[in-house]
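Novice: how does the following fold in three dimensions:
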Amino acid sequence: MSKLIRLKNIYLIFVAAFLILIVSNIFVIKELKERTLIYNQMLSMGHPLIEQQSKELEHVKFVNLFAILLSNMLSYIFIVILFVAIIKLVKANNLEHLKELQLEKEKRHLEESQRIEVESLLEGMPDALVICNQKGDITYINLLAEKLLGYTRSELLGQKIERLVPNRFGTNHEKYRDSYFEKSKARPMGMGLELYARHKNGFEIPVEISLSSIENANGKGAIAAIRDVTKRKEIQRLLDESEKRWKYALESGNQGVWDWYVPEKIIYFSHTWKAMLGYQDDEIKNEQSEFESLVHPDDLPKVWHCINDHFENKTDEYHCEVRFLCKDGSYKWVLARGKVLSRDDDGKVLRALGTHTDISSLKEQEAKLKQLAERDALTGLINRPFFVDRLAQAITLAKRHRDNVAILFLDLDDFKQVNDTYGHTTGDLLLCDVANRIKNSVRESDTLARLGGDEFVLLLNEIKDENEFVKIVKKIMGNFSKEFLINDKKLRVTLSIGIALYPRNGEELLIEKADAAMYYVKRNGKNNFKLYNNALKISK
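Specialist: Sure thing, here's the model as predicted:
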């Protein structure tokens, strides 16, 4: 604009000069006219000097007039050319100036478009946004920030950012702000900090804040994305209270609670969990490695298998019966149950929670039931079904190694007289001693079972030849030549033994075949043994 003013001033100067030249020429011509008039008057009066010089004066007058006219014409032409040049120069400068004005206008339009676009982007953000400069002056807030904080935009622009900080933090916030700008660093949302913003009405709002530094022509600044977490904190509070209630309920039911933060490998064990194993609260660390060290080594692979199945969504819950090491060195059976509480975006487990229930008494009952199912209640020997299973396994091994298997059916001679004479209590004690004497007469690898009453059956495996089992039979009978001392009563009993061999007597009905051989001995004097042959009749 100043350039255009200067050009206009030059133009006016030249116009003025042109006008001055015209005016001066007018005066010159007027002067010549006056002088010519005087000269003509003098000539008409007959002035002698004038008459002499008339011819010369006429010539000079003509020359002067021609010179004046020529000078004026050249001046006019020069002024016109100069004027045209000035006009062109002015037009050229005006055109350049107009281009500059157009560029400036386009620049302002672009900046305005960018500003509108940025503001539109900021207004569309899902969080409240507040921008301040390095001095802490607020330079921008979006509509969500107005709604969250209760202020209008005009009320906050130019105000210090500390106006939005609770009073209890305000005194130190300026120092934090200065230190942030000294070493600007982006701080993402959710840093685990307990942050609060101050509403216009004075109450505090729990928030999460993401900070990012910005820099423009006005200097450094910071943009704060603010997220209201009031509802989330309320939900978390309700969840915490609910968790406390059901944890208390579980603890009251004598169930130990464990809370596992998987990526951190931290497991929190409740007081009941530790007390269940005989430990004090400070004697077990809240570490995954501590948990693993307490699991019975034989059970640890099973535990991890069950855990991984649940973590991989193969099972609805983690469920495993496992032995844990107690403080006194013993192991206690525990039912471990649990479920995944949270996963990350990739499906990896973040947290799992569950219980441990003491099932030691249940396991003891199971063991007793198993013993009743598999063993004789009086002598503790295995029963017939279990013995049959052992026999099948022995035959399978014998086939593989080409060995012999011997089945001995043993029956006490005249046992009924013992019961009738001394009572069933004495008879039961005698049966227990008989079982022990037979076991002490055979190898550890052999299997003895009680079929019922005074009938026993003995499995001798890995027999290389028939002479080997005969030696064992004779040893048993020799041990029964000694008296039994039952309740200060000396009792003497003998055995009738029937024998069946695999593979000599085949694979089927070996117990029945040994039984048939035993009855042959009973019918032929007792206190002896007999090997089965096909002439003996089998009782099915």
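Novice: C-alpha only now, for contacts and for neighbours.
Specialist: Fine.
Novice: how close does Arg443 get to Glu462?
Specialist: As judged by CA to CA, to the nearest Å, Arg443 and Glu462 stand 11 Å apart.
Novice: could I get the buried residue list for the host helix or strand of Lys274?
Specialist: Under the criterion of DSSP states H and E, Lys274 resides in helix 271-276. By neighbour count on 16 or more other CA atoms under 10 Å, the buried set for helix 271-276 is His271, Thr272, Trp273, Lys274, Met276.
Novice: the third one reaches Ile267, doesn't it?
Specialist: No - the pair Trp273 / Ile267 is not scored as a contact, 11.7 Å apart, by CA atoms under 8 Å.
Novice: spell out which residues are contacts of both of the two.
Specialist: Shared contacts of Trp273 and Ile267, defined by CA atoms under 8 Å, 6 or more residues apart in numbering, comprise Trp258.
Novice: and the protein, what are its domains?
Specialist: With domains defined by automatic domain parsing, the chain comprises 2-118, 125-228, 254-364, 375-531.
Novice: out of those domains, nearest to Glu234?
Specialist: Of all the domains of the chain, domain 125-228 sits nearest to Glu234, with 10.3 Å by CA to CA.
Novice: now do the residue nearest to the spatial centre of the chain against Leu378, distance only.
Specialist: Nearest to the mean C-alpha position of the chain, counting by CA atoms, centre = their mean, stands Asp344 at 3.8 Å. Asp344 is 59 Å from Leu378, where distance means CA to CA.
Novice: next: Thr421.
Specialist: 20 Å.
Novice: now the strands: where do they sit in the stretch 351-500 of the chain?
Specialist: Taking DSSP state E, counting those that start in this stretch as the criterion, the stretch 351-500 of the chain carries its strands at 404-412, 447-452, 455-463, 484-486, 489-491, 495-502.
Novice: one step back: confidence-wise, which of the domains of the chain is weakest overall?
Specialist: Of all the domains of the chain, mean pLDDT reaches its minimum on domain 2-118 (a mean of 63).
Novice: now the helix holding Lys274 - C-alpha only, PDB.
Specialist: Only the C-alpha atoms of helix 271-276 are listed here, as PDB (Å, rounded to 0.1, in the frame of the first residue of the first chain):
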ATOM      1  CA  HIS A 271      -5.400 -65.500  55.100                       C
ATOM      2  CA  THR A 272      -7.500 -68.700  55.000                       C
ATOM      3  CA  TRP A 273      -5.500 -70.000  52.000                       C
ATOM      4  CA  LYS A 274      -2.300 -69.800  54.000                       C
ATOM      5  CA  ALA A 275      -3.800 -71.000  57.200                       C
ATOM      6  CA  MET A 276      -5.200 -74.000  55.400                       C
END
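Novice: circling back to that earlier point, which residues does the residue nearest to the centre of the chain contact?
Specialist: Counting by CA under 8 Å, 6+ apart, Asp344 makes contact with Leu350.
Novice: next, it: phi, psi?
Specialist: Backbone dihedrals for Asp344, given as degrees, to the nearest 10, come out at phi -90, psi -180.
Novice: before we move on, what about the one 5 residues further on?
Specialist: When read as degrees, to the nearest 10, the backbone of Val349 gives phi -70, psi 130.
Novice: burial of it, as a residue count?
Specialist: By other CA atoms under 10 Å, 17 other residues sit near Val349.
Novice: over to Ala217?
Specialist: Using other CA under 10 Å, Ala217 has 5 neighbouring residues.
Novice: please apply the same query to the one 4 residues further on.
Specialist: By other CA under 10 Å, 21 other residues sit near Gly221.
Novice: need the contact list for it.
Specialist: Contacts for Gly221 (CA under 8 Å, 6+ apart) come out as Ile131, Cys132, Asn133, Gln134, Phe181, Ser213, Ile214, Glu215.
Novice: same check on Arg198?
Specialist: Arg198 makes contact with Leu149, Arg163, Leu164, Val165, Pro166, Glu204, Ile205, according to CA under 8 Å, 6+ apart.
Novice: helix, strand or coil for the closest residue to Glu174 other than its chain neighbours?
Specialist: Closest residue to Glu174 in three dimensions, ignoring its sequence neighbours and counting by CA to CA, 6 or more residues apart in numbering: Glu162, at 7.4 Å. Classification of Glu162 using DSSP: H, G, I helix; E, B strand; the rest coil returns helix.
Novice: just to check, Glu162 is in contact with His173?
Specialist: Yes - contact criterion CA under 8 Å: Glu162 and His173 qualify, at 6.9 Å.
Novice: who has more neighbours, the two?
Specialist: The neighbour count for Glu162 versus His173, taken as other CA under 10 Å, is higher for Glu162 (20 against 16).
Novice: now that one: how far from Glu182?
Specialist: To Glu182, Glu162 is 18 Å away according to CA to CA.
Novice: Asp411 too?
Specialist: 100 Å.
Novice: bridged to His319, which residues?
Specialist: Beta-bridge partners for His319, by DSSP bridges, are Arg337.
Novice: need the contact list for it.
Specialist: Cys306, Leu335, Ala336, Arg337, Gly338.
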